[in-house]
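> How does the following fold in three dimensions:
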Amino acid sequence: MAKSTAKRTRKFEKNHLKDTLEKRKAGAKIKQRNQVKAKRQARNAKDAEFEGKGGKDEEKDGKKPAKEDPFGKMNVDDFFQGGFEIPEKLAKKSNKKAATEKLGKRKRSEPEVEGDDDSDSSEAELEEAPVMSDSDEGSEAEDDVGMSKSAMEALASKDPDFYKYLKENDPEALDFDDDDNLSEVDALSGSEDEQPKKKQKKSKKKIVVEEVQENDASASEAEDASDLTKEMVEKWTKGMKDQYSLRAMRQVVLAFRAAAHVNEDDGKEYKYTISNSEVYHELLVTALKYVPEVLNHHLPVKETAAGKVRVSTDSKKFKTLTALLKSYTSSIHHLLTVLSDASTLKLALSSVTPLLPYLLSFKKVLKNIVKTVVNIWSDVSSDEATRITAFLVLRRLTVIGDPGLREAVLKTVYQGLIKGSRSTTVHTIQGINLMKNSAAELWGIDTGVGYATGFTFIRQLAIHLRSSITNNQQESYKTVYNWQYVHSLDFWSCVLSEHCSPVKEAENGKESELRSLIYPTVQVTLGAMRLIPTSTYFPLRFHLMRSLLRLSRATGTYIPLASALLEVLNSAEMKKPPKASTLKGLDFTSNYKAQKSYLRTRVYQDGVGEQVCELLSEFFVLWSTNIAFPELALPVVVMLKRWLKDASNKATGNKNNKVNSAFVLLLQKVEANAKFIEGKRAKVEFAPNNRAGVDNFLKGFEWEKTPLGAFVSGQRKQREEKARLLEEGRREEDRKRKLDREKERNVGSDEEMEDAEEDSEEDSEAGFQSDEDE
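Reported below is the predicted structural model:
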């Protein structure tokens, strides 16, 4: 047992003794600093009382002291500021050491270097008495309003009489802050306002005048110390902007916390109260703009070319500023949840970005911030600029974070995407597309983490699809046929299209890890497309078809889509003649199902035929320069001719010349393109088994110059122009609706005013008649 104990002791001395001693020293320094503060306040109070009594006695007696006391014209503050310089006459008589039980020994020190903020600065301030000007002392008294709870209890136990005196005459001195850890910032900023000794040599008259002025100023501020004023904010702003003052930053953080919780009945008391809206706005701008700059000045962030950041978290300065950093971050986090103004919300999000390197050590804080930022980013009602700013915060965190943090960010972003795409309308579709396009970029920052999270979420979609197929319940298909499922599949199409393209892989010099997710994504999408092959869900089929077309176009992967489109043509909706209807055309971009009133109508048949014709042409144009295009188009050409023959029958056809003529034109362009490829193919000299020759066939040839490509290019321009006109019409309708609502409100308010005037006139007439009766 003795040997094991000795071994454990040696191990503790080797690994943990140094840290334990440093923690004890740090605790002792904080305790000693609080004692210094309490002693200074008590000394000032006693000196003021003593000087007041002494002055009155001397006026009554009219006598002067017999002997000139070298300390007679000095108060206690002047004595301490002089660095304990003892006059020569008294030095010969007394060699006793100046020591106190509470404060410990004080040593004379050489002047400190201005602006030196090393980790030992706080220790030097406790052991030494720095020479400060009167202005410094006034500012320190202004900043250090409260004391810690531990120091207050120690003072009450050791000196109850003095504690009682303070409680009766200066109760503010006994107030303790909730964030007493923030007082350590004063230790780091102790040398900020120090001046060279030459500037400190002032005449006594000047010192007295300045002391009187500062006492008056401090007295006026003490009357209303808790109410934040514009002058205080401007003073802090100047200190942070010009000198990167940590003291000013500490006060701004405390005031900013009160501003973040303004008008809230949470039962908490804050150091400052804000009653002026201008002061509130100026404080928010100051805190959000300059606090990150001051932090970066004192704790610079080093960033490598690969995007990795490094902050010296082991330094004493970082440990001291940790409490302030957490308080500031917590205030911003709360502010993000309550702000409604777009410009202020954008400024708050911008201030979060430079804080991220300092918060990498605090995973819990970061996760809370990520959730709040994702909520702003996924809110389709938010301003577009605000959502982009929120995305930049998420992107920055993904770049500098470790794999675990990246995975957490990606999962939260995906959850926010699903939540924000629950409701899709004409007004929200653009915001949802913004979410999908921006979030897709995050999955390419770390393809390893992106593959792991992507595989998990795609597998989850496959499980939902399988359960819908195997489950015989009537409503089981609704877990797949909804906007969230459709947008999820479309999102993974965006991710794979962006990061698995040949151009992107050539830039990275290797094949993307996400490429292996193409096959499961395509399989799940095709399965969801054919889950319920009724005409009601043709719009959903078209949405998923566009997702697969994007994926095929970007990655060069062949996906058989023609058969799914031919199924739509062979349905009863497209073969039988429609009934007349006055319904407005169905918007296929903002609907995934058609209402019953649209089924078997002319307007719905026209819309479905237009969509099928467009998607078929977009599918064929992907391979318009491929050497196998004639063989690829042959089965579809045969099926289209057969369908046109049935649809054009006067007795049993669909009697819709508009749809039939569109497919006749498409069929002509496909056949012309097949002949074009056959003509080019007849001139080649390599065999079909020559893979390199097949891949290089018409390489570099512009697809727009092919017969089918020219047709598709013209169709795209027509659709873009049509979409632009529809968007302008929609905006004009929205503007008219807003004007009508404002007019109704104005009319309502005018009627209320007229009614009020009539009531007042009736009351006055009734009063006049009663006076006449009397």
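
> Could you pull up phi and psi at T601?
Backbone torsions of T601, given as degrees, to the nearest 10, read phi -100, psi 160.

> Please tell me I have it right and it contacts S581.
Yes: using Cβ atoms under 8 Å, T601 makes contact with S581 at a distance of 3.9 Å. The way it works is simple: take the backbone N, C-alpha and C, and place the C-beta from them, glycine included.

> Neighbour count: those two, which is higher?
T601 (19 against 14; other Cβ atoms under 10 Å).

> pLDDT below threshold where in this protein?
1-5, 46-152, 155, 162, 165-225, 747-774 (pLDDT under 70).

> 80 - rerun?
Applying pLDDT under 80 to the chain flags the ranges 1-8, 10-14, 43-226, 265-267, 306-307, 472, 743-774.

> Where do the domain boundaries of it fall?
16-55+73-87+123-176, 403-532, 561-741 (automatic domain parsing).

> can you put those domains in CSV and add distance to V393?
Formatted as CSV, the domains of the chain follow (distance: least, Cβ to Cβ, whole Å):
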stretch, distance to V393
domain 16-55+73-87+123-176, 32
domain 403-532, 10
domain 561-741, 30
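
> Looking at those domains, which is nearest to I388?
Nearest to I388, of all the domains of the chain, is domain 403-532, at 7.4 Å by Cβ to Cβ.

> Over to that closest one now: how far is its first residue from its last?
40 Å (Cα to Cα, to the nearest Å).

> what does stretch 305-319 give?
27 Å.

> What residues of that stretch count as buried?
309, 311, 316-318 (16 or more other Cβ atoms under 10 Å).

> which phi and psi does the nearest residue to L325 once chain neighbours are set aside have?
Nearest-residue entry for L325: Y358, 5.7 Å, with adjacent residues in sequence omitted and distances by Cβ to Cβ, 6 or more residues apart in numbering. Y358 adopts backbone torsions of phi -80, psi -20, taken as degrees, to the nearest 10.

> Hmm, Y358 is touching S312, no?
No: Y358 is not in contact with S312 according to Cβ under 8 Å; the separation is 10.6 Å.

> Quickly list what's touching both of these two.
Counting by Cβ atoms under 8 Å, 6 or more residues apart in numbering, the contacts common to Y358 and S312 are 299, 318.

> quick one: stretch 584-597 to chain centroid distance?
With Cα atoms, centre = their mean, to the nearest Å as the basis, stretch 584-597 stands 36 Å off its chain's centre.

> Put the alpha carbons of it into CSV.
What follows is stretch 584-597, C-alpha atoms only, in CSV (Å, rounded to 0.1, in the frame of the first residue of the first chain):
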residue,chain,number,x,y,z
LYS,A,584,-57.6,28.6,-64.3
GLY,A,585,-54.5,26.7,-65.5
LEU,A,586,-52.9,24.6,-62.9
ASP,A,587,-49.5,25.8,-61.7
PHE,A,588,-47.3,22.7,-61.8
THR,A,589,-44.4,24.4,-60.0
SER,A,590,-46.3,25.0,-56.7
ASN,A,591,-48.5,21.9,-56.7
TYR,A,592,-47.7,18.2,-56.4
LYS,A,593,-51.3,17.0,-56.8
ALA,A,594,-54.3,18.0,-58.9
GLN,A,595,-57.6,18.7,-57.3
LYS,A,596,-60.6,16.6,-58.4
SER,A,597,-62.1,19.5,-60.2
